[in-house]
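> Got a predicted structure here, sequence first:
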Protein chains: 2
Amino acid sequence: MTLRYLILGLLTERPMSGYDIRKSISGSMGLIANVSYGSLYPALHRLLEDGAVTVEVELQDGRPPRKVYSITDDGRQEFERWLRQPAGADQVRREFLLKLWLGKTLAPEELTNLVEHRRREVESNMARLNEMRNQVGDKAVTYTWVLDYFAEMYQAELRWLSSLKERLEER
Amino acid sequence: MTLRYLILGLLTERPMSGYDIRKSISGSMGLIANVSYGSLYPALHRLLEDGAVTVEVELQDGRPPRKVYSITDDGRQEFERWLRQPAGADQVRREFLLKLWLGKTLAPEELTNLVEHRRREVESNMARLNEMRNQVGDKAVTYTWVLDYFAEMYQAELRWLSSLKERLEER
DNA sequence: ATGGGCATGTAAATCGTTACATGATTCT
DNA sequence: AGAATCATGTAACGATTTACATGCCCAT
């Protein structure tokens, strides 16, 4: 259901095709959302049916036609209503934590592997985050705040991971 | 799919009924997982079909019979295999962040509301976490590690929230 | 008496991913 | 020559939530 509002939110900035939306999400918003066409296109059709968006087909030669969606007043209102409603609870699943939690039969070096693997992942996420920071461009302030959020989280996790590593080495 | 392994993991400790499993999860594991009966019972039936668990029915008077599930050797092996496989990517959705990200039309005080609301939630999560810490009992060490993880994360988020609040007050 | 705990389950609805289908153009 | 980009979509499958259905016991 949040995909609906994510789309509406993006369309408040400028009209876009499904393809554009996809690119936009996996680009700058890749950290908090990711979408496949299999969910995106049906969601757009649904929004159209509900009158929250309109389409205009742009014919191109040598390319499939682009269907450019624009948000309507109704859509804007729906989006603004959602924005002001209290946010739903987080839905988080970290398989890594589950394995750690249930991993009491793992040998110390297997635990170390698990932890090391995680560390590498967090570090690669952090690298990606820093790239984003270097190309902020004309994005809204709120964008930088969200980047800061992830920076804090990654740093905290790295701290935790290294203290965990120490405890594992002490045996 | 992780529900399958979560169940198996819990059953390595002791045989349990579906009801027990549910309680156990929403108790000590409430932070990383939550399960409804609508997914739990079918998952148990599936495990039984696959020979990963066995059942024994305990008749009780004045109560519905308990179906107590025990893990089989096959189930144990499957669980151990899963445990040693690299963990899948995190799946995280924080509606709060999405609203912040898209909230460029929100007035400063509306943003403040959003942030304050979030702070209260994080703090109540932290209180819940501290309760858990006080009743660790005979849980495995890995349990405390996971608790530490959440403590770090909550603290980091609170830091971020207060710096955000300051920036909002500066206008 | 009313709500919560005990205890099982099914059905419908929702949400999302993966894989498939198509096909031209441009970059390496 | 082959990969990536542009651009749309559907179908099958999988996971999960919510609501429904049932019914006794115990504490307030």
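Done, it's in.
> A:Lys67 pairs with what?
Following DSSP bridges, A:Lys67 is listed with bridge partners A:Val57.
> I'd say it and A:Leu59 touch.
No: using CB atoms under 8 Å, A:Lys67 makes no contact with A:Leu59, being 10.7 Å away. Backbone N, C-alpha and C define where each C-beta goes, glycine included.
> is the helix or strand of chain A with the lowest mean pLDDT anywhere near chain B?
One helix or strand of chain A scores below all others by mean pLDDT, DSSP states H and E: strand A:91-93, with a mean of 90. Yes: using CB under 8 Å from any CB of the partner chain, strand A:91-93 reaches chain B at A:91-93.
> Show me what that strand is packed up against.
The contact analysis (3 or more CB pairs under 8 Å, 6 or more residues apart in numbering or on different chains; DSSP states H and E) places strand A:91-93 against strand B:91-93.
> Okay, now the sheet partners of the strand it packs on, with direction.
In the sheet, strand B:91-93 lines up against strand A:91-93 (antiparallel) (DSSP bridges).
> about what we covered before: pick the one among the residues of strand A:91-93 next to chain B closest to DNA strand D.
The shortest gap between DNA strand D and any of the residues of strand A:91-93 next to chain B belongs to A:Arg93, at 7.1 Å (CB to the nearest atom of the strand).
> Let me see the domain layout of chain A.
A:2-84, A:95-169 (automatic domain parsing).
> Next, format the ones you listed as JSON lines and append distance to B:Arg76 and mean pLDDT.
Formatted as JSON lines, these follow (distance: least, CB to CB, whole Å; pLDDT from 0 to 100):
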{"stretch": "domain A:2-84", "distance to B:Arg76": "35", "mean pLDDT": "94"}
{"stretch": "domain A:95-169", "distance to B:Arg76": "9", "mean pLDDT": "93"}
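> how far is the lengthiest helix in chain A from where the chain is centred?
When chain A is parsed with DSSP state H, its longest helix is helix A:141-169. Remark: helix A:141-169 is offset 17 Å from the chain centroid, using CA atoms, centre = their mean, to the nearest Å.
> between that helix and helix B:141-169, how big is the angle?
Following axes from the mean of the first three to the mean of the last three CA atoms, to 10 degrees, one obtains 150 degrees for the angle between helix A:141-169 and helix B:141-169.
> tell me which strands and helices helix A:141-169 is in contact with?
With contacts taken as 3+ CB pairs under 8 Å, 6+ apart, helix A:141-169 sits against helix A:108-134, helix B:95-102, helix B:141-169.
> B:Lys23: which of these is closest?
Closest approach to B:Lys23 among those (CB to CB): helix B:141-169, 16.5 Å.
> Buried residues in the longest helix of chain A, which are they?
Neighbour-count burial for helix A:141-169, with 16 or more other CB atoms under 10 Å in any protein chain shown as criterion, is recorded at A:142-143, A:145-154, A:156-158, A:160-161, A:164.
> How many neighbouring residues does the residue nearest to A:Arg94 when sequence neighbours are not counted have?
Leaving aside its chain neighbours, A:Arg94 sits nearest to B:Asp90 (4.8 Å; criterion: CB to CB, 6 or more residues apart in numbering or on different chains). Residues lying near B:Asp90 (other CB atoms under 10 Å in any protein chain shown) number 13.
> what's the span of stretch A:50-63 from first residue to last?
Counting by CA to CA, to the nearest Å, you get 29 Å between the two ends of stretch A:50-63.
> Give the buried residues for it.
The neighbour-count check on stretch A:50-63 (16+ other CB under 10 Å) flags A:52-53, A:55 as buried.
> ok now do A:Asp50, which residues does it touch?
A:Asp74 (CB atoms under 8 Å, 6 or more residues apart in numbering or on different chains).
> Next: A:Arg76.
Residues in contact with A:Arg76 (CB under 8 Å, 6+ apart) are A:8, A:12.
> Which strand or helix spans it?
Element membership for A:Arg76 (DSSP states H and E) is helix A:73-84.
> quick one: buried residues of that helix?
A:75, A:78-79, A:82-83.
> how far out from the middle of the chain is that helix?
21 Å.
> What is the burial count for whichever residue of chain A sits closest to DNA strand C?
Proximity of chain A to DNA strand C (CB to the nearest atom of the strand) peaks at A:Gly38, 2.1 Å away. By other CB under 10 Å, 8 other residues sit near A:Gly38.
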